[in-house]
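*Asks:* Fold the stuff below for me.
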Amino acid sequence: MLPNLRILGVLAVAFWLAAVAVAMAQSPEDRIFAARAQTAFELAQKHYQADTNSTAAAQELARSSFEVADLATNETKRAEFARIGIAVCHHWLKREPNSAAGHYYLAMNLGKLAQAEAPSLAAYRLVHEVEQEFTEAAKLDMQFDHAGPARCLGELYFEAPGWPFSVGNNHKAREWYERAVAIAPEYPGNQLDLAEAQLQWREPAALETTMKSLDAHWPAAKTNFAGVVWEADWLDWNARRAALAVELQKIHRRDSGS
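*Replies:* Presented below is the predicted three-dimensional model:
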């Protein structure tokens, strides 16, 4: 697995996207994860080409397309991989229009294409498609990918600019983040997303409660999400947890007057 998608933007956020892309130059770990993702993608392509009507093969390639697009080092390659995932999902959903996984991975790949095409009107339109597809996935199976549809909708509403530029909405972000935590509290990404939002919203009491819940679930998560496929996630989760702990300590020191 790879770090959760950070749903990416539209028009006004396009310059922010460019800055993020520059700042996130590949580290040695990223290069390792990118190589693994490329290998998984190539294997998934072979499986899919052998049977384009296989649901398992379609899901494997759709997921792999997103993951390799997420780690692409240039926007041309990112768009190329994302379009492969989108095409696979469209073919898949023609056969199985009520597939939560199909809508979920379509949204994921649309998000990567929006990132690659920003700034543009096309990117603006794609973000609305991302919202629609995650919403459909949530209707069909809220529990898929450890409450993935709820988590990703929360990320979309939290990170995107608000109206009239995009779909950003803190009320909706809170609603979906809290749903994700309620459904799958054992998945670290859900609690971390909520905690980071609470920090930005300046809700120290709520943040402390979420961090205590995260800490309580952490030992089991280390066992349940173990192995090579989770290495990138743990690199992300550990860094985010540590950063939140630092911010919470600052709040405590400020409140105590020390």
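*Asks:* I'd say D193 and A150 touch.
*Replies:* No. The criterion here is CB atoms under 8 Å, and D193 misses it with A150 at 9.9 Å. Where you see a C-beta, it was placed from the backbone N, CA and C, and this is true even at glycine.
*Asks:* which neighbours do these two share?
*Replies:* Residues touching both D193 and A150 (CB atoms under 8 Å, 6 or more residues apart in numbering) are 177, 180.
*Asks:* any idea how the chain splits into domains?
*Replies:* Domain ranges of the chain: 1-182, 185-258, per automatic domain parsing.
*Asks:* So for the helix or strand encompassing K250, mean pLDDT?
*Replies:* Counting by DSSP states H and E, the secondary-structure element that holds K250 is helix 231-256. For helix 231-256, mean pLDDT is 95.
*Asks:* Could you do stretch 171-191 as well?
*Replies:* Per-residue scores along stretch 171-191 average to 98.
*Asks:* Could you list the buried residues of it?
*Replies:* Residues of stretch 171-191 classed as buried by neighbour count (16 or more other CB atoms under 10 Å): 172-174, 176-181, 183-191.
*Asks:* ok, now stretch 105-125?
*Replies:* Here stretch 105-125 shows 105-119, 123-124 as buried, counting by 16+ other CB under 10 Å.
*Asks:* Return the subset of those residues lying in helices.
*Replies:* Using DSSP state H, the subset of the buried residues of stretch 105-125 located in helices is 105-117, 123-124.
*Asks:* Low-confidence bits of the stretch 1-150 of the chain, can you list those?
*Replies:* Along the stretch 1-150 of the chain, the model assigns pLDDT under 70 to residues 1-26.
*Asks:* Can you tell me the closest non-neighbouring residue to E29?
*Replies:* The shortest distance from E29 to any non-neighbouring residue, by CB to CB, 6 or more residues apart in numbering, is to L235 (6.1 Å).
*Asks:* if I look at F165, how far off is Y124?
*Replies:* Separation of F165 from Y124 (CB to CB, to the nearest Å) stands at 8 Å.
*Asks:* try H171
*Replies:* Separation of H171 from Y124 (CB to CB) stands at 22 Å.
*Asks:* what do you get for E231?
*Replies:* Applying CB to CB to E231 and Y124 gives a distance of 35 Å.
*Asks:* now swap in Q59 and tell me
*Replies:* 28 Å.
*Asks:* L61 too?
*Replies:* 27 Å.
*Asks:* how about the helices in the stretch 101-250 of the chain?
*Replies:* 121-140, 144-159, 170-183, 188-200, 204-224, 231-256 (DSSP state H, counting those that start in this stretch).
*Asks:* okay, those in a markdown table with distance to P28 next?
*Replies:* As requested, the helices of the stretch 101-250 of the chain are exported to a markdown table (distance: least, CB to CB, whole Å):
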| stretch | distance to P28 |
| --- | --- |
| helix 121-140 | 30 |
| helix 144-159 | 26 |
| helix 170-183 | 31 |
| helix 188-200 | 23 |
| helix 204-224 | 23 |
| helix 231-256 | 11 |
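*Asks:* Please identify which of those is closest to A50.
*Replies:* Closest of those to A50 is helix 144-159, at 24.9 Å (criterion: CB to CB).
*Asks:* who are the neighbours in contact with G162?
*Replies:* 168-169 are the contacts of G162 under CB under 8 Å, 6+ apart.
*Asks:* pLDDT score assigned to it?
*Replies:* Looking at G162, the pLDDT reads 86.
*Asks:* What separation do you get for it and L110?
*Replies:* 20 Å.
*Asks:* Could you list which residues are in contact with the residue nearest to E131 when sequence neighbours are not counted?
*Replies:* Spatially, and ignoring its direct neighbours in sequence, E131 is nearest to V167 (5.5 Å; CB to CB, 6+ apart). For V167, the contact set (CB under 8 Å, 6+ apart) comprises 10, 127-128, 131, 156-157, 160.
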